[in-house]
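Undergrad: when you get a sec, could you give me coordinates for this:
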Amino acid sequence: MTETRAEIRLPTQELRDDIPFYTKTLGMRMDMIFPADDPRIATFSGHGLRLRIEKDAPEAPGTIRLLTDAPDAIADGQRRLTAPNGTRIEIEELNPPLHLPDPQTRFTTARLADGAPWIVGRAGMHYRDLVPDRLGGSMIASHIRIPDAGPVPDMVHYHKVGFQLIFCVSGWVDVLYEDQGGLLRIEAGDCFIQPPEIRHRVVQSGPDLEVIEIGVPAEHVTEIDHDMDLPTPHHRPEREWQGQRFVHNLAKGATWQPSRLPGFESRDTTINANTKGVASVIVHRPAKGEPHWTSHHTDILFTYVMQGAVTLEAEGRPTQALEKGDAFVIPKHMKTRLSAPAPDLQLLEVALPGSFKTETHQ
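TA: Alright, predicted model coming up:
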């Protein structure tokens, strides 16, 4: 059986000064030293790392980052150190608390016709940014597409987020989720809520898949889980991740009710209830009655035009004709009206927090 080891080489001028630092201060183990009479090389292992400290090695000293759930137990609680050989040591929390920036909302529109670039991202997916300023880092809204049908080169992974939505605009996609049974499919009008850190893997998609992905905060870590296989053996639909339940909401057979917006009706995706008010996800379409001017009282209100067309009027702003693929953000207290909706109009609305007040203005 072949055995293979990997090690990182770092330079030193005097090995005897480095031995106590790497063994005692950092708590690593010395595995080899050479030669015995006048040592020039030593190897150390620990914290998932193997180092080769070599006298007069040509590399720069570099930086070692130690991630731990007990930072005070290493190096007497010091967070920044420099080894005798010049290597910098940074000691950080393994799972730092998630930082959610305060929303910095302003009236924003993103037009598909403006030609914002599509960027090839994770697993070969194409991304288009729907909120370029990302509301001060508080949210990212991405229009994602997979042009070709077939298997998706994805791995079991999870996201360190406060909230994440996957809403299918067209096509279909199959995904496996931790503790949610076998393959789950969403088609146009369906959605998933991915609770924080739920393990999942995109398996395959149909042709011309398009989804809207909302993530809070805008920049968040995606980690690969090499140890979990999906599907998991247990089906636990009532399980919560950081207070949120997984949601697989289907458009087919949904109940439509009067909307918070006069002149529209809406269907609730149950996300407000299953995230305990973190966010709501609503679909609006035209109904009887005339649209009115309204204002809202939530921190973030994002809307995407899934199909059809509508005119967006906002106080103090030029009127804008919007169509499929366009998106907009309306700040708190701003008066707006959605007028002249096309009969086939459908709007995806995402609000954070999910429970909020709407005022109607004459």
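Undergrad: any idea which residue is closest to the centre of this structure?
TA: Most central in the chain under C-alpha atoms, centre = their mean is G215, positioned 4.6 Å from the mean C-alpha point.
Undergrad: can you tell me the closest non-neighbouring residue to that residue?
TA: I140 (4.7 Å; C-beta to C-beta, 6 or more residues apart in numbering). Every C-beta, even on glycine, is put in place using the N, C-alpha and C of the backbone.
Undergrad: thinking again about what came up before, now do the SS call for the residue nearest to the centre of the chain.
TA: strand (DSSP: H, G, I helix; E, B strand; the rest coil).
Undergrad: which stretches of the stretch 151-300 of the chain have low pLDDT?
TA: The model of the stretch 151-300 of the chain has no residue with pLDDT under 70.
Undergrad: can you give me the helices in it?
TA: 271-274 (DSSP state H, counting those that start in this stretch).
Undergrad: let me see the contact set for the nearest residue to G121 once chain neighbours are set aside.
TA: The shortest distance from G121 to any non-neighbouring residue, by C-beta to C-beta, 6+ apart, is to Y127 (4.5 Å). Residues in contact with Y127 (C-beta atoms under 8 Å, 6 or more residues apart in numbering) are 118-121, 142-144.
Undergrad: max pairwise distance over the residues you listed: which two?
TA: Across the contacts of Y127, the longest distance by C-beta to C-beta is 13.6 Å; it joins V120 and H143.
Undergrad: between those two, tell me which one has more neighbours.
TA: Neighbours were counted for V120 and for H143 using other C-beta atoms under 10 Å; H143 has more, 21 against 9.
Undergrad: weed out the non-buried ones from the contacts of Y127.
TA: By neighbour count, with 16 or more other C-beta atoms under 10 Å, these hold 142-144 as buried.
Undergrad: contacts only, for the residue nearest to L165 when sequence neighbours are not counted.
TA: Excluding the flanking residues, the one nearest L165 by C-beta to C-beta, 6+ apart is I214, at 4.3 Å. I214 sits next to 139-142, 163-165, 167, 279, 302, 350 when contact means C-beta under 8 Å, 6+ apart.
Undergrad: could you rerun that using 6 Å?
TA: By C-beta atoms under 6 Å, 6 or more residues apart in numbering, the contact list for I214 reads 141, 165, 350.
Undergrad: touching, R260 and K357? I think so.
TA: No - applying C-beta atoms under 6 Å as the test, R260 and K357 come out as separate, 9.1 Å apart.
Undergrad: residues near E3, how many?
TA: For E3, the neighbour count with other C-beta under 10 Å is 4.
Undergrad: give the helix, strand or coil label for it.
TA: Under three-state DSSP, the three-state class of E3 is coil.
Undergrad: what does I19 give?
TA: Per three-state DSSP, the secondary structure class of I19 is helix.
Undergrad: for S170, give its distance to D326.
TA: S170 sits at a distance of 15 Å from D326 (criterion: C-beta to C-beta, to the nearest Å).
Undergrad: more neighbours: the two, which one.
TA: More crowded of S170 and D326, by other C-beta under 10 Å: D326, with 21 against 17.
Undergrad: per-residue confidence for the more buried one?
TA: Note for D326: predicted pLDDT of 97.
Undergrad: quick one, what contacts it?
TA: Applying C-beta under 6 Å, 6+ apart to D326 gives the contacts 111-112, 305.
Undergrad: just the buried residues out of those residues, in ChimeraX syntax.
TA: Burial among the contacts of D326 is assessed by 16+ other C-beta under 10 Å; the matching ChimeraX selection reads:
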select :111,112,305
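Undergrad: closest to F192 out of the contacts of D326?
TA: Distances from F192 to the contacts of D326, taken by C-beta to C-beta, are shortest for V305, at 20.8 Å.
Undergrad: spatially nearest residue to that closest one (excluding sequence neighbours)?
TA: D326 (4.8 Å).
Undergrad: and the gap between the one you found and L347?
TA: 10 Å.
Undergrad: again with H333
TA: As judged by C-beta to C-beta, H333 and L347 stand 20 Å apart.
Undergrad: what about these two, which has more around it?
TA: Legend: neighbour count by other C-beta under 10 Å for H333 and L347, higher for L347 (25 against 10).
Undergrad: pretty sure the more buried one sits against H284.
TA: Yes - between L347 and H284 there is a contact under C-beta under 6 Å: 4.4 Å.
Undergrad: want to throw the buried ones among the contacts of Y127 into JSON lines with distance to D69?
TA: Shown next, in JSON lines, are these (distance: C-beta to C-beta, whole Å):
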{"residue": "S142", "distance to D69": "31"}
{"residue": "H143", "distance to D69": "37"}
{"residue": "I144", "distance to D69": "33"}
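Undergrad: quick one: which of those is nearest P20?
TA: P20 lies nearest to S142 out of the buried ones among the contacts of Y127, by C-beta to C-beta, at 49.8 Å.
Undergrad: nearest residue to that closest one other than its sequence neighbours?
TA: Excluding its sequence neighbours, the residue lying closest to S142 (C-beta to C-beta, 6+ apart) is E213, at 4.6 Å.
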